[in-house]
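Trainee: would you be able to build a 3D model of this:
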Amino acid sequence: MATVVPVTTFPYETSLDVAVTTWYGMGKDDDGEPVQLVVFSDRSVQIAGAFGGASITIGGSNDGVTYHALTDAAGVPLTLTDTALRQIMELPVWIKPRVFGGSPATNLAVIIAGRRSL
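Mentor: Okay, here's the model as predicted:
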C-alpha cells in the first residue's frame, strides 16, 4: 500500500475558477493523499484505468481523520468497481480516494474536477 500524491492543475489559463486534481497510478490497496477542495463546490469524479478486481471509494472528512464514502446525485455511495464519471454531492473539507484489494494489474487514475461557486 502506498500513498499517492495528487497533481492539481488549473486548465483554463485565464481563470482559477476550475481545478482538476488527479491521482495517477493508484494500485492495489493504495490510499490517495487528501486534498482540500472546499472552494470548488460543484465537483465531479472520474475513474479511469484497470481495476484488476479492486474497488475504489471516494471519501470525505471534515476532521482529516475519519473518512466516509461520498455519494453521487442518486444518493449512491461512490464505491466503484468499474470506470465512471459521477457528480459528488457532499462538500467535506478533505477528499481522497482509497483502493481496496486488487492485483498487480490494478492501475487507476482518479480525476476530480471542481468549479468555484460564483
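Trainee: just checking, what packs against the helix or strand bottoming out on mean pLDDT in the chain?
Mentor: The weakest-scoring helix or strand in the chain, judged by mean pLDDT, DSSP states H and E, is strand 7-9 (a mean of 92). Applying 3 or more CB pairs under 8 Å, 6 or more residues apart in numbering; DSSP states H and E, one finds that strand 7-9 contacts strand 18-26. Any C-beta I mention is one placed from the backbone N, CA and C, and that applies to glycine too.
Trainee: show me where the chain has its strands.
Mentor: Using DSSP state E, the strands of the chain run over residues 3-4, 7-9, 18-26, 31-32, 35-36, 42-50, 55-61, 68-69, 79-80, 84-88, 94-100, 107-115.
Trainee: strand partners of the least confident helix or strand of the chain, parallel vs antiparallel please.
Mentor: strand 18-26 (antiparallel) (DSSP bridges).
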